[in-house]
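Asks: here you go, sequence then predicted model.
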Amino acid sequence: MSAGESSDAGIGRLARLAPGVGILVVLAGAAALVAGFVPGVNALLLGVLFGAVVANTVGVPDWARPGVDTQKLLLETGIVLLGARIAIDELVASGPVLVALVVVTVAAGVLLVEAVAGRVFGLADKTGSLLAAGASVCGVSAATAIAGTIDADGESLTHVVAAVLLFDALTLAVFPIAGDLLPLSGRQFGIWAGLSMFSTGPVTAAGFAHSEVAGRWATVTKLARNSMLGFVAVAYAVRYAGRAEEAATGLRAVFDGVPRFLVGFVAVAAVANLGLLSEATLATVGTASDALFALAFVGLGLDVRLDAMRQTGAAPLAVLGLQLLTISALALVAVLALF
Amino acid sequence: MRDSSLMRDAFGAATVERAYGLWCTLERGWRATALGLVVVTVLATLGP
């Protein structure tokens, strides 16, 4: 491909994204406008709601799909920029306790789901494992990654994804309300949400809906949880394959499980904490991060499909509900005691 | 003058081509990292 053709391809690609991104911008703008006029309404959550209403009424047209599908890239770029607002000294001070809490909650969540999915709810082993990873690590991304590792069938994965998405929507509505009712500081709420909720987008949205501080801690805690995916993938590879060579490739799998945008997040946090950015630049980077989150959360709503969720069986929902109630209760006690 | 302009165009187009080619090979997390770092660099350069 010549330089000219390459440029044309890039421009063509951007042109395909424009309509969908335009929809994200319009809905996020409408949410901000309404939230500005109605006291007590959070613009981020309203953006999710607007997206969900559009997706389940008029639907997302095919010509808008490429742009709408950038929502995960927008979310992850927003998280990278969020690094500028992270105080590393504060993070290091809480680090060991937070990491220990993340390891314990992920392990407890996986073991709980593995214990009850088959024996109590009669689900197949692999379906239980997909639910365990989805609920305990990072939602749909984890379930999809583990499905590849254990060679799960597409139908099981579809049901698990639908169930996880249903709980994402449910927790996104319930956690901010719980945060207002419970006597939690911003840091406590953020860590609690980061330990309990399933997917990164809803965790970030719920955190920032509570407060700026809660949003930062929710995101950091969730990133730590996401980083456990590699370890969980190795454990499942060994369990299902039962071969020594699977363990030998474990380090590579652990590395593969670490979200790549974590590199950018840490780099931006390091640059900001070294004092290399002025206060004005930090403020602008923060505004850019907020704007990207606002767009990403509308995209999150546009991915909510009630018809797909209705096809989920009762058993996966019961397993996820049990996991969520148990882990969030334990996490709440731990957060209140330790932070 | 014309030569200089042609060289600049060629350099710009080649840079765009390399950047686009690299972008296409990146998985989403690396793209987010690249975008984030570009945004921070641009804002730090243009900022007050």
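Replies: Thanks, I have it.
Asks: rest of the way, CA atoms for contacts and neighbours
Replies: Fine.
Asks: spell out the secondary structure type for A:Leu49.
Replies: Secondary structure assignment for A:Leu49 (DSSP: H, G, I helix; E, B strand; the rest coil): helix.
Asks: is it true that it touches A:Gly299?
Replies: No. A:Leu49 is beyond contact range of A:Gly299, at 10.2 Å (criterion: Cα atoms under 8 Å).
Asks: compare the two and say which is more crowded by neighbours.
Replies: A:Gly299 (33 against 22; other Cα atoms under 10 Å in any protein chain shown).
Asks: show the contacting residues for the more buried one.
Replies: Taking Cα atoms under 8 Å, 6 or more residues apart in numbering or on different chains as the criterion, A:Gly299 is in contact with A:24, A:48, A:51, A:68-69, A:71.
Asks: near chain B too, which of those residues?
Replies: Residues of the contacts of A:Gly299 in contact with chain B (Cα under 8 Å from any Cα of the partner chain): none.
Asks: name the residues of chain B found near chain A, please.
Replies: For chain B, the residues in contact with chain A (Cα under 8 Å from any Cα) are B:13-14, B:16-17, B:20-21, B:28-37, B:39-40, B:43-44, B:47-48.
Asks: now do the same for the nearest residue to A:Tyr236 once chain neighbours are set aside: its pLDDT.
Replies: Nearest-residue entry for A:Tyr236: A:Ile150, 6.8 Å, with adjacent residues in sequence omitted and distances by Cα to Cα, 6 or more residues apart in numbering or on different chains. With respect to pLDDT, A:Ile150 has a value of 80.
Asks: with A:Asp62 instead?
Replies: According to the prediction, A:Asp62 has pLDDT 92.
Asks: and it, how many neighbours?
Replies: 10.
Asks: what's the answer for the one 5 residues further on, then?
Replies: One way to gauge burial is a neighbour count; for A:Gly67, by other Cα under 10 Å, it gives 22.
Asks: just say helix, strand or coil for it.
Replies: Strictly by three-state DSSP, A:Gly67 counts as helix.
Asks: that older thread, Provide a list of residues in contact with the residue nearest to A:Tyr236.
Replies: Counting by Cα under 8 Å, 6+ apart, A:Ile150 makes contact with A:126, A:236-237, A:240-241.
Asks: give me the ChimeraX select line for those residues, limited to the buried ones.
Replies: With 16 or more other Cα atoms under 10 Å in any protein chain shown as the burial test, the buried ones among the contacts of A:Ile150 are selected in ChimeraX as follows:
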select /A:126,236,237
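Asks: cross the contacts of A:Ile150 against helices and list the overlap.
Replies: Those of these mapping onto helices are A:126, A:236-237, A:240-241, per DSSP state H.
Asks: of those, closest to A:Arg310?
Replies: Proximity of the ones in helices among the contacts of A:Ile150 to A:Arg310 (Cα to Cα) peaks at A:Lys126, which lies at 21.4 Å.
Asks: quick one: the closest one and A:Ala241, what's the gap?
Replies: The spacing between A:Lys126 and A:Ala241, counted by Cα to Cα, to the nearest Å, is 12 Å.
Asks: and A:Phe189, how many residues sit next to it?
Replies: Neighbours of A:Phe189 (other Cα under 10 Å): 30.
Asks: leaving out chain neighbours, which residue sits closest to B:Leu35?
Replies: With Cα to Cα, 6+ apart, the residue lying closest to B:Leu35 is A:Thr77, at 6.5 Å.
Asks: quick one: residues contacting A:Gly109.
Replies: A:132, A:135-136, A:323, A:327.
Asks: residue 20 sits in which helix or strand?
Replies: Going with chain A. helix A:3-37 (DSSP states H and E).
Asks: switch to chain B, that's the one I care about
Replies: helix B:2-25.
Asks: tell me the centre residue of chain A?
Replies: Nearest to the mean C-alpha position of chain A, counting by Cα atoms, centre = their mean, stands A:Thr200 at 1.1 Å.
Asks: now that one: how far from chain B?
Replies: Distance, A:Thr200 to chain B, by Cα to the nearest Cα, to the nearest Å: 13 Å.
Asks: what sits against that residue?
Replies: Residues near A:Thr200 by Cα under 8 Å, 6+ apart: A:138-139, A:219, A:222-223.
Asks: swap in 7 Å and give it another go.
Replies: By Cα atoms under 7 Å, 6 or more residues apart in numbering or on different chains, A:Thr200 lies in contact with A:138, A:222.
Asks: pLDDT weak spots in chain B?
Replies: Residues of chain B that meet the criterion pLDDT under 70 lie in B:1-12, B:48.
Asks: mind redoing it with 50?
Replies: Along chain B, segments meeting pLDDT under 50 span B:1.
Asks: so how do I select the buried members of the residues of chain B next to chain A in PyMOL?
Replies: A single PyMOL command selects the buried members of those (16+ other Cα under 10 Å):
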select buried, chain B and resi 13+14+16+17+20+28+29+30+31+32+33+34+35+36+37+39+40+43+44
